[in-house]
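> Got a predicted structure here, sequence first:
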Amino acid sequence: MQRPTSFIMDCRLTEKTFLNDRYVLLLFETPKPVPTAFPGQFAQVRIDGSPTTYLRRPISICLINNQRELWLLVQIVGDGTRVLSTLEQGAVVNMILPLGNGFSIPQKSETCLLIGGGVGVAPLLMLGKDLSQAGHPVLFLLGGRKSTDLVMRNNFEKYGRVFYTTEDGSLGEKGFVTQHSLLKEAAFDRIYSCGPKPMMQAVATYAKKQNIPCEVSLENLMACGIGACLCCVEDTVKGHVCTCTEGPVFNIETLKW
Amino acid sequence: MVDQHVHLKGLTLRNPVMTASGTFGFGEEYTNFIDLSRIGGIIVKGTTIRHREGNPYPRMAETFGGMLNAVGLQNKGVYYFVNTIYPRIRNFQTNILVNVSGSTIDEYVETAAIVQNLDQIPGIELNISCPNVKQGGMAFGTSATGAARVVKAVRNVYKKHLMVKLSPNVTDIAEIAVAVEAEGADSVSLINTLLGMAIDAEKRVPKLSTITGGLSGSCIKPIALRMVWQTARAVKIPVIGLGGISNAADAVEFLLAGASAVQVGTANFIDPAITVAIADGIADYCNRHGFNSVRDLSGALILEEKSVKCSPQADCGN
């Protein structure tokens, strides 16, 4: 098992933008460059000032610009993420990063389909950026319940063609991502997915049927995030493995889905 | 300069801070964050004779001031440890103790005998207190006779430092400690996790696949401290205190209550570098309070006449 070089660092909040009533985009400045972060890796974020939040919260790295500007897309779920969303510019947040394995980038040119749902779109931004900069054609297929769930659209559109689905039909095609006409009409060499588990399972089923290599990012509950506690295990063909160190990105061939 | 060394039979700790089994992997997981030569010792993940897959996911639930786990001793077995992990960690500049567990007495004995042959492992911690396995584990640790039987059998074959990790899920932990001391344990470590439960009310389901699990973290500290206090008064062998230690002040409390050394567990998840900070903080405490040696801290609690009147068992409502 390859263990990434990770750091405990105090990051300073430089910008905060509410994207809708549940999603907030936080931009941090890291105290030193993070040159080794891969798309799909995550940060273990310590949350101070929330009595019911004891453990760190694993949050996907959405983007790192110039090795110093860290983007985290946070969905407000419980008190911990609520406290994160109330931080003011200049607030210092202790994080461990980068953690986990990250998505794999193809060696030769491949058409890549990146399927995201909900807050799971976060790591796909950095992945799309790296893939497009490496010369791979990138297609994003992003789904939500309604149009306001589909955030950061301008950012995604910089790195590839973007297709949308919403359950209420307010943006893009109506329905789930796995029902989008793109899947019937186009061909892809590789699929990446991050989002709710049922969505990723449906994507995995599609990828298997089409015989397309596919990687998904899991969000199993974690305590330590560094492979020590063995709480976040996923049952794979290799047995129980830690999502934090051998994931969060898994090739669907290794999962028992 | 404060002398931070702690002497246990067969090994010397550089300082009284060790890491609790199951919270520190094999030490390798933490080399990004701390210099392992700055801590007294590492108790590696619970090891059994054969590979164990552990319990199904979900295995963890966050609780107020702590967490429940139901890992269930997932490990690749003692031979994997010997052949694959030990060669990688044997040169760590700290004491490495192996936490030994089993479903039967024979399994404990067999595993201990194998670990004894590893020259860089000066001791084992016998785990008779894991609440997350169906057989063995806590079943041995919840009766004085059961605990004594395992310790006696292992003591017969294991000649290095034998630490016995006790379960708090008992009526009288000191009684168990006395029983294992009588069978030749060199030290006792306490407490393992407290059996607990969490429910997702919205979904009307337990949060753990095993329904119940082991509670750890800050929330258990007062219980652990009380048990260390009771046990330290009952046995002559060193007591290693653990349970919710999150900072140097917590660790000092355990030493004052009678512990000779401490283990840090769940706090490693929140701050992977906390052990070194705790060791430094204990030394700083000694300096501020005029202790030349951390060994003098052990049991240095000042008892006023009024507090002595309360027996450890009594319900002192005042």
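Perfect, thanks for sending it.
> mind showing which ranges of the stretch 151-257 of chain A have poor pLDDT?
Counting by pLDDT under 70, the stretch 151-257 of chain A shows no low-confidence range.
> residue of the stretch 101-250 of chain A with the smallest distance to chain B?
In the stretch 101-250 of chain A, the residue that lies nearest chain B is A:Cys231 (3.6 Å; Cβ to the nearest Cβ). In short, each C-beta sits where N, CA and C put it, glycine included.
> Not counting residues beside it along the chain, what's closest to that residue?
Nearest non-adjacent residue to A:Cys231, counting by Cβ to Cβ, 6 or more residues apart in numbering or on different chains: B:Met60, 3.6 Å away.
> residues touching the residue of the stretch 201-318 of chain B found nearest chain A, list them.
Per Cβ to the nearest Cβ, the residue of the stretch 201-318 of chain B with the smallest distance to chain A is B:Phe269, at 4.1 Å. Residues near B:Phe269 by Cβ atoms under 8 Å, 6 or more residues apart in numbering or on different chains: A:Leu55, A:Arg56, A:Ala223, A:Cys224, A:Gly225, A:Ala228, A:Cys229, B:Thr23, B:Met67.
> List the residues that contact the second one.
Meaning A:Arg56. A:Gln44, A:Val45, A:Arg46, A:Ile47, A:Ile96, A:Gly225, B:Phe269, B:Ile270.
> so how far is A:Val237 from it?
Note on A:Arg56: its distance to A:Val237, by Cβ to Cβ, to the nearest Å, is 29 Å.
> Then B:Phe92?
32 Å.
> element containing the nearest residue to A:Asp130 once chain neighbours are set aside, please.
Nearest non-adjacent residue to A:Asp130, counting by Cβ to Cβ, 6+ apart: A:Pro39, 5.4 Å away. Element membership for A:Pro39 (DSSP states H and E) is empty, with no helix or strand holding it.
> thought A:Pro39 was touching A:Gly100?
No. Contact between A:Pro39 and A:Gly100 fails when scored by Cβ atoms under 8 Å: they sit 10.6 Å apart.
> The two - which one has more neighbours?
It is A:Gly100, of A:Pro39 and A:Gly100, that has more neighbours when counted by other Cβ atoms under 10 Å in any protein chain shown, with 31 against 27.
> List the contacts of the residue nearest to A:Asp130.
A:Pro39 is in contact with A:Ile61, A:Gly102, A:Phe103, A:Pro123, A:Leu124, A:Met126, A:Leu127, A:Lys129, A:Asp130, counting by Cβ under 8 Å, 6+ apart.
> 6 Å - rerun?
A:Gly102, A:Phe103, A:Pro123, A:Met126, A:Leu127, A:Asp130 (Cβ atoms under 6 Å, 6 or more residues apart in numbering or on different chains).
> now, which of those residues lie within helices?
A:Pro123, A:Met126, A:Leu127, A:Asp130 (DSSP state H).
> Let me know the closest of those residues to B:Thr84.
A:Pro123 (31.5 Å; Cβ to Cβ).
> and that closest one, what is it in contact with?
A:Pro123 touches A:Pro39, A:Gly40, A:Ser60, A:Cys194, counting by Cβ under 6 Å, 6+ apart.
> cool, and B:Asn268?
B:Asn268 touches B:Thr23, B:Phe24, counting by Cβ under 6 Å, 6+ apart.
> helix, strand or coil for it?
helix (DSSP: H, G, I helix; E, B strand; the rest coil).
> What parts of the stretch 151-300 of chain B come near chain A?
The stretch 151-300 of chain B comes close to chain A at residues B:Phe269, as judged by Cβ under 6 Å from any Cβ of the partner chain.
> In the stretch 151-300 of chain B, what residue spans correspond to helices?
Along the stretch 151-300 of chain B, the segments classed as helices by DSSP state H, counting those that start in this stretch run B:173-182, B:221-234, B:248-256, B:267-270, B:274-289.
> of those, which approaches A:Phe28 most closely?
helix B:267-270 (19.3 Å).
> mean confidence score for the closest one?
Mean per-residue pLDDT for helix B:267-270: 98.
> which parts of stretch A:150-161 are buried?
Of the residues in stretch A:150-161, A:Leu150, A:Val151, A:Met152, A:Asn155, A:Phe156, A:Tyr159, A:Gly160 count as buried by neighbour count, 16 or more other Cβ atoms under 10 Å in any protein chain shown.
> Format the helices of the stretch 151-300 of chain B as TSV; extra columns: distance to A:Val241.
Below are the helices of the stretch 151-300 of chain B laid out as TSV (distance: least, Cβ to Cβ, whole Å):
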stretch	distance to A:Val241
helix B:173-182	35
helix B:221-234	32
helix B:248-256	33
helix B:267-270	18
helix B:274-289	26
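> Looking at these, spot the one closest to B:Val71.
Checking the helices of the stretch 151-300 of chain B against B:Val71 by Cβ to Cβ gives helix B:267-270 as the closest, at 12.7 Å.
> which residue sits closest to the most centrally placed residue in chain A in space, ignoring its chain neighbours?
By Cα atoms, centre = their mean, chain A has its centre lying nearest to A:Pro123, at 3.0 Å. Of all residues not flanking A:Pro123 in the chain, A:Ser60 sits nearest, at 4.3 Å (Cβ to Cβ, 6+ apart).
> Report the residue ranges of every domain in chain A.
Structurally, chain A divides into domains by automatic domain parsing as follows: A:7-99, A:104-215.
> Include distance to B:Leu97 when you put those domains into a markdown table, please.
Output for the domains of chain A, formatted as a markdown table (distance: least, Cβ to Cβ, whole Å):
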| stretch | distance to B:Leu97 |
| --- | --- |
| domain A:7-99 | 26 |
| domain A:104-215 | 38 |
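> Tell me which of these sits nearest to B:Glu175.
Between B:Glu175 and those, the tightest spacing by Cβ to Cβ is seen for domain A:7-99, at 32.1 Å.
> centre of the chain versus that closest one, how much separation?
Chain-centre distance of domain A:7-99: 13 Å, with Cα atoms, centre = their mean, to the nearest Å.
> Which secondary structure state does A:Leu84 sit in?
A:Leu84 ends up helix, using three-state DSSP.
> now it: how far from B:Leu36?
Separation of A:Leu84 from B:Leu36 (Cβ to Cβ): 32 Å.
> before we move on, what about B:Ile223?
29 Å.
> where does residue 130 land on pLDDT?
Chain wasn't specified; assuming chain A. If you check A:Asp130, the pLDDT there is 97.
> actually it's chain B I care about, not the one you picked
On the pLDDT scale, B:Cys130 gets 75.
> mind checking the SS state of it?
Assignment for B:Cys130 (three-state DSSP): coil.
> Tell me the backbone dihedrals of it, please.
Main-chain dihedrals, B:Cys130, degrees, to the nearest 10: phi -70, psi 120.
> which bits of the stretch 1-150 of chain A sit near chain B?
Checking the stretch 1-150 of chain A against chain B by Cβ under 6 Å from any Cβ, the hits are A:Ser6, A:Ile8, A:Tyr54, A:Leu55.
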